[in-house]
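1. next one to model:
(one chain, ligands or ions: 1)
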Amino acid sequence: MNIETFEKAFLALGGVLLGACLAALLFASVVMGIQLPGRAGEVDPEQLATTPPFDQPGVRQVDANKYEIVVIGRAFNFEPEEIRVPVGADLTFIATSQDVLHGFNIEKTRVNMMLIPGQISRTVYTFDEPGEYLIICHEYCGVGHHTMGGKVIVE
Ligand code: CUA
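-> Numbering: from 1, shown residues only. Here you go, the predicted structure:
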């Protein structure tokens, strides 16, 4: 084989890989419904105590099997620190930060958001298995960063 044949073969391979990655991305977003947590609005971080829904952080039932979980991240805790939800329920997490950049990650799930002061983050999730799931702040936010956590109890 001459060098041109090799070049063409590698170009073709590159094209095939690119196509495969695009197909996987489309499959994940369209068929499996996996989306990045979206920017869901803006909020004044200094007025959280008087701005719905952040004036009442916690779990709220909005329909037969639908719950909204409103979370505030601040140095160095989450409010609420403990979230109780039923297994199999449609959950919408609505969160923001009161001060600096924090992370909101629930272990063993794809719930993984940035909490940004001034911005509302939103993501949806359903727990299929009961149990306790650790919430961690995965964005360095100061001296107490490693103590910033919570848990979700799925029952
Ligand atoms: Cu909050 Cu790290």
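
2. how does this structure divide into domains?
-> Domain segmentation of the chain under automatic domain parsing yields 1-34, 38-154.

3. quick check: neighbours of the lowest-mean-pLDDT helix or strand in the chain in the sheet, parallel or antiparallel?
-> Least confident element among the helices and strands of the chain, by mean pLDDT, DSSP states H and E: strand 38-42 (a mean of 78). Next to strand 38-42 in the sheet, as set by DSSP bridges, lie strand 119-125 (antiparallel).

4. the next helix or strand after the strand it pairs with: which residues count as buried?
-> Following strand 119-125 in sequence order, the next helix or strand is strand 131-136 (DSSP states H and E). Residues of strand 131-136 classed as buried: 133, 135, 136 (neighbour count, 16 or more other C-beta atoms under 10 Å). To be clear about C-beta, it is placed using only N, CA and C from the backbone, and glycine gets the same treatment.

5. and the protein, which residues reach the ligand?
-> Within the chain, the positions near the ligand by C-beta under 6 Å from any ligand atom are 73, 76, 102, 137, 139, 140, 141, 145, 148.

6. try 5 Å
-> Proximity of the chain to the ligand is confined to 102, 137, 141, 145, 148 under the rule C-beta under 5 Å from any ligand atom.

7. of the buried residues of strand 131-136, which is the nearest to the ligand?
-> Nearest to the ligand, judged by C-beta to the nearest ligand atom, of the buried residues of strand 131-136 is residue 136 at 8.2 Å.

8. you'd agree that closest one is up against residue 109?
-> No - at 11.6 Å, residue 136 and residue 109 do not qualify as touching, with contact defined as C-beta atoms under 8 Å.

9. what's in contact with stretch 70-80?
-> Applying C-beta atoms under 8 Å, 6 or more residues apart in numbering, the external contacts of stretch 70-80 come out as 48, 53-54, 56-60, 83, 93-100, 102, 104, 115, 135, 137, 141-142, 144-145, 147-150.

10. I am finished for the moment; much appreciated.
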